[in-house]
Every structure is written in structure tokens, then in C-alpha cells.
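Asker: just need the structure, nothing else, for what follows:
(2 chains)
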Amino acid sequence: MDIPYTVEIRPDTGIYNAKVGIWLFLASEVMLFGGLFSAYVLLRVGSLPGEWPHGWLDVRLGALNTVLLALSAITTLLAWAACKTRQFGKFKFFHACTLLLALSFLCVKSYEYHDKWIHYEIKLKDGTFADGHMVENDLKEDYLVIHGRIVTDEKALYDLRAQKDIKLAEVKIPRASIASMQNYSPRHNTFTAIYFTLTGLHALHILGGSIVIFYLWAFGGAMWKTDPERFTNRIEVSGLFWHFVDLVWIFLFPVLYLT
Amino acid sequence: MSEHHQSQTHAAPSAGDSHPVDFNAYLRRCLYVFIAALCAISLMIFASYLPHFGWPAKVTMILTVAVVNAFIVAGFLMHLLSEKKMIYTVLGFTVFFFAGLMGLMVWATGDFPVGTIFH
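Answerer: You can find the predicted model right below:
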């Protein structure tokens, strides 16, 4: 049985069915991310003065990921254009580039997550705070070592951009002097919670999109031989999803890394 | 046969096609879009480090650049500058509900119950 309107235009909508479907799906995605962005706005404007973090994320890595996604959006479009002009070899090349760029994005994101996971804020019993990346945490030893610094006021840990010349060194902390310690995981504060939620959901979209793109890249040859126009439409639909993922990051990068 | 192949290589409009394609033209378009994206990224980072500007001014500048960048991506890469009425209708509804969502959120930010204690 043939599925209608996979290639030919449906008279009442003026486009083929999959394209209507993907735009409806993207509309629901806008509302999904919109809900989270609005949660971010609420948390941000509701935070106490001086307690919203600045400079916690590496702008260089964020910018690198933005460039990677922008490039992947372009290779996706070129893959579709190659299909339209019946150049399957070029399609394979550009879609492979998209996949590599997507995987690179995920690698950078994983590195950033790992960096936050081994970053600890340690409240000491004398009222000061040690903050830095864990270097040594052997439970058999009565001390741990971080690469960071000690501050007297916790607020000094929030706005890192306003502080010039932050000096970091290896700090040895006796376990007996620790009142509490916590890594920069989602439960650390509202910023890390919304950061991990927004970027985690976005990374899941990247992963899902990559799986679809890989499937079309690896197993698309059969449909290309029998129905190239239908295959091209599939590439267009997956490309529209990929551009949407790029669009979301265009706003995530400045909102989380720069403001 | 070769003539047929040649004509398909340069432009292959089809039944479901609303965008006749010239690969080289797309390559040029992509190059411009990528340069625009690089400029936008640089501008946003530059704006975020500008001295003598408060955060509201910086946020406004950065988000303005982000919106322009998003417009370029959506307009040229997603072909939204030349789409069908059906898609504009779907997007019109999306914009309406998204604006409502954000508007309600901004409206609610100052809406604290009586007796709320501020530290």
C-alpha cells in the first residue's frame, strides 16, 4: 500500500505531508523549549542581587560549539541540495560531515559537564569556602586536594567576570575541617539546575537527530535507488529538525554563557 | 543520457518541490550565512565584555544579535522567507502561544502573595 502525499503535493496544504508534520512537531518543540526559557527568565529575575552566577561557563567552549552547530546546519543544507541535484556522493560527504560535527558538539558538551561534575564548593568549619576542581579525593586519606582557591565570602564565587586576576593553586584540605561539600551538579543551585536541564534536553535532541541522520546516511541508499524524491524529502525533514536544534542553541549560548 | 544527467545536476525541480535548486548557488548562500553566523558570535561575545555598560544594556544588545542570527538561519537555511501559507499559519499560531507564554511569565514576576518576605 502506498502512503499518499510523501512526494506529491497535497492540494489543500500545498506541501507534502511529512513537511506539515515536521513543522507541527517543531511548533510543539518551540513550546517545550519556550517553557524552559520562561522558567530561566523567572529564576533569573527572581534571584537575589549578586547571587546569579556570571562567568561560570567557558565562553570559548560555548563559542566553539556554536560554530560547530552552525557548520553542521550548513552541511545539512548542502546534503539536501546535493540530493535535489541528484549527486548522491556529495550527499554522503556532507551528511558525514554533519555527523562528525554533531559528535564533536557532544564531545565538547561532555567535557563541559565533566568539568562541572568535578568542580566542588566546600564549606569549611571556620566559615570560609574552598572552591575548585577535585584533584585528589582518596577516602583512605584524611585530606583532599583541589585546584582552586579559598574565599571568605560565598558571594565572591558568583560573579567571576567582575574579578580580575583570580589566582588558583593546589589547596590541601583536611577532612576534619569540612562542614559540607557539593559539586556543581544540577542540585548545586538554580543556575546549574536550569543549565543542565536546558543543555541536557538540547543535547538529547542533538543525539536523536544524529541517530536519524546516521540512519539516512548509512541505509538511505536503498530508497535513493527506488524513490530518490521521497528520500530527498526525508533529508529535508530531518534537516529542518537539525536547523531547529541549531536555532535553539543560538539562544542558549548567549543566555547561559554570555549574560 | 549525459545531457539528461547534466540537466539534473544543475537543477532538478520535482513534484514536491517549491525550491528549484542550483547547488553552486546554495554553496555561495551557505558561505554567506556561515560568515554572518561567525560575525554574530563575535559580536555577542564582544558585547558581553563591553565595559561601561550595565547588564540590561548588554543583554539587550546580545539578544538583538541572537535574534538577527536566528532570522538568518530560519530565513535562508530553513527557507522560511519563501514558504507556503500553511507553514506560516502554523508558525503564526506558535508565535501567538509563545508570546503568551513569555508574556504571562513576565507579568507574573512581580506577583507575590501578600506577606512575602524579601531578604
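Asker: state the pLDDT value of the residue nearest to the spatial centre of chain B.
Answerer: Nearest to the geometric centre of chain B sits residue B:70, at 2.1 Å (Cα atoms, centre = their mean). Looking at residue B:70, its pLDDT is 96.
Asker: give me the distance between it and residue A:253.
Answerer: Separation of residue B:70 from residue A:253 (Cβ to Cβ, to the nearest Å) stands at 11 Å. To be clear about C-beta, it is placed using only N, CA and C from the backbone, and glycine gets the same treatment.
Asker: for the residue nearest to the centre of chain B, what are phi and psi?
Answerer: Backbone torsions for residue B:70, taken as degrees, to the nearest 10, come to phi -60, psi -40.
Asker: helices of the stretch 151-259 of chain A, residue ranges please.
Answerer: A:190-219, A:221-226, A:228-252 (DSSP state H, counting those that start in this stretch).
Asker: most packed of those?
Answerer: helix A:228-252 (a mean of 23; mean count of other Cβ atoms under 10 Å in any protein chain shown).
Asker: report all helices and strands that that helix contacts.
Answerer: helix A:17-46, helix A:59-84, helix A:88-117, helix A:190-219, helix A:221-226, helix B:55-72 (3 or more Cβ pairs under 8 Å, 6 or more residues apart in numbering or on different chains; DSSP states H and E).
Asker: could you check the angle helix A:17-46 makes with the fourth one?
Answerer: With axes from the mean of the first three to the mean of the last three Cα atoms, to 10 degrees as the basis, helix A:190-219 and helix A:17-46 are set at 160 degrees to each other.
Asker: just how off-centre is helix A:190-219 within its chain?
Answerer: Offset of helix A:190-219 from its chain centre (Cα atoms, centre = their mean, to the nearest Å): 7 Å.
Asker: quick one: list the elements packing against that helix.
Answerer: helix A:17-46, helix A:88-117, helix A:228-252.
Asker: quick one: residue A:258 and residue B:46 touch, right?
Answerer: No - Residue A:258 lies out of contact with residue B:46 (Cβ atoms under 8 Å); the separation is 10.0 Å.
Asker: pass me the low-pLDDT residue ranges in the stretch 101-250 of chain A, would you?
Answerer: Residues of the stretch 101-250 of chain A meeting the criterion pLDDT under 70: none.
Asker: scratch that, chain B
Answerer: Looking at chain B by pLDDT under 70, you get B:1-20, B:118-119.
Asker: please parse it into its domains.
Answerer: For chain B, automatic domain parsing gives the domain ranges B:20-78, B:84-110.
Asker: mind checking how far the longest one is from the chain centre?
Answerer: The reference is to domain B:20-78. 9 Å.
Asker: repeat that for the shortest one.
Answerer: Distance of domain B:84-110 from the chain centroid (Cα atoms, centre = their mean) equals 15 Å.
Asker: of residue A:258 and residue B:46, give the one with the bigger neighbour count.
Answerer: residue A:258 (25 against 12; other Cβ atoms under 10 Å in any protein chain shown).
Asker: quick one, grab the pLDDT at the more buried one.
Answerer: Per-residue pLDDT puts residue A:258 at 92.
Asker: tell me how many other residues crowd the spatially closest residue to it that is not a sequence neighbour.
Answerer: Of all residues not flanking residue A:258 in the chain, residue B:48 sits nearest, at 3.9 Å (Cβ to Cβ, 6 or more residues apart in numbering or on different chains). Residue B:48 has 21 neighbours, counted by other Cβ under 10 Å.
Asker: list phi and psi for residue B:48.
Answerer: Per degrees, to the nearest 10, the backbone of residue B:48 is at phi -70, psi -20.
Asker: check contacts around it.
Answerer: By Cβ atoms under 8 Å, 6 or more residues apart in numbering or on different chains, residue B:48 lies in contact with A:59, A:254, A:258, A:259, B:58, B:62.
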